[in-house]
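S.K.: I'll drop the sequence and a predicted model, then ask my questions.
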Amino acid sequence: MSDETIMATVDIAIPCYRYGNFLRDCVDSVLSQSIDDVRILIIDDASPDDSAEIARAIAASDPRVEALVHPENRGPTATYNDGISWAKAPFFLLLSADDYLAPSALARAVTLMKSQPDVVMTYGAAINFFDGDPAPQFDPTVKDAHWRIQTGQDFVEQNCRRIRNLVPTPTAIVRTATQKMIGGYRASLPHACDMEMWLRFAAHGSIAETPMEQAVYRVHGANMSTAYYQSIIRDYTQRLAAFDVFFANDGKRLPRSKKLHALAQRRLAAAAFWTGVSQWRRGNREASAEILRFSLALNPRMRALPPFLHLLQLESSRSKFRSVVMEAAQAPNT
């Protein structure tokens, strides 16, 4: 299919590795959107299952769909960046083959970005769909997305305070021109490249969020992130690296960038500290020691003054704080 065949409003790249059984649902969710001037590129990363055959069959059945099959496995980052290189439409979405879009998700985002030129990225809620559960149902009569627009500065500060990825990846619809300007995903951040990417967008424009469900995120045993999140210290290390890389590059554009970077480091150190304490109480002494070493290296002052304020700001914080205090009070005097 030639690039001139379809003048698309939205380009959707669908990376696929061993997700052939989910691929048709993913593509159908795009082709059934209220916006039909879309292009889709399925990028199969040399899957050992029948993903490549399914991708080619889907592409042969609809002129809006192309299939790119890697002869050798190149990994997620390179696959994502192939999609960015291919994109030409005004708006772009990277949608994993095991996820799928909610009805009218594209129209809601595109309508907002057309009316708000400063908005470079939109995102919304994602439903977690667990294996064995009934498929999520959507109300097709609901149209008003109730967008909340933040300045890029405010979005970055919010991320620095909450120190985790706030954007469900299958809902992140962006301006292609901005995506091309800020570049692709970083191979040095294999498990936090999406969080760093959203921060990069915020350094170049406003961010719009809707509480509406924009996509469905499948939770299953083959999720590529499952093994990674089993390692707590690797998670904290990658989040720290994402902030460090961002503030060393695009983040320098922001006012108070050094203070924001320091805020993210303090919040990460505090979160890791209490995670280490929790692991110790559960008897996971080796994991606890590693996490506490990470937190104290990031903020040595916590050796003298533990970050109680952070604990109070956590969800269910009062019960956690009460548990820690009661345990301390009941400990025998030495």
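M.R.: Looks like it arrived, so ask away.
S.K.: my read: residue 257 touches residue 251, true?
M.R.: Yes: judged on Cβ atoms under 8 Å, residue 257 makes contact with residue 251 at a distance of 5.2 Å. C-beta coordinates here come from the backbone N, C-alpha and C atoms, glycine included.
S.K.: neighbour count winner among these two?
M.R.: residue 251 (23 against 18; other Cβ atoms under 10 Å).
S.K.: which residues sit in contact with residue 127?
M.R.: 102, 136, 213, 215, 216, 217 (Cβ atoms under 8 Å, 6 or more residues apart in numbering).
S.K.: Repeat that for residue 187.
M.R.: Counted by Cβ under 8 Å, 6+ apart, residue 187 has contacts 75, 77, 78.
S.K.: Kindly report the same for residue 64.
M.R.: Counting by Cβ under 8 Å, 6+ apart, residue 64 touches 6, 8, 31, 38, 39, 40.
S.K.: just to revisit the earlier point, the contacts of residue 127, buried ones only, as a PyMOL selection?
M.R.: The buried residues among the contacts of residue 127 can be selected in PyMOL (16 or more other Cβ atoms under 10 Å) with this line:
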select buried, resi 102+213+215+216+217
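S.K.: Looking at the contacts of residue 127, which has the smallest pLDDT value?
M.R.: Lowest in pLDDT among the contacts of residue 127 is residue 136, which has 91.
S.K.: Quick check: that one is in a strand.
M.R.: No: looking at residue 136 with DSSP: H, G, I helix; E, B strand; the rest coil, it is coil, so not inside a strand.
S.K.: circling back: out of the contacts of residue 64, which sit inside strands?
M.R.: Mapping those onto strands (DSSP state E) picks out 38, 39, 40.
S.K.: Only whichever of these are buried, select them in PyMOL.
M.R.: Buried residues among the ones in strands among the contacts of residue 64 (16+ other Cβ under 10 Å), as a PyMOL selection:
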select buried, resi 38+39+40
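S.K.: from the ones in strands among the contacts of residue 64, which is closest to residue 85?
M.R.: Residue 85 has its nearest neighbour among the ones in strands among the contacts of residue 64 in residue 39, at 13.7 Å by Cβ to Cβ.
S.K.: Could I get the pLDDT score of the closest one?
M.R.: As predicted, residue 39 sits at a pLDDT of 97.
S.K.: on that earlier part again, export the contacts of residue 127 to CSV and tack on secondary structure and distance to residue 93?
M.R.: As requested, those are exported to CSV (DSSP: H, G, I helix; E, B strand; the rest coil; distance: Cβ to Cβ, whole Å):
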residue, secondary structure, distance to residue 93
102, coil, 12
136, coil, 19
213, strand, 15
215, strand, 9
216, strand, 14
217, strand, 14
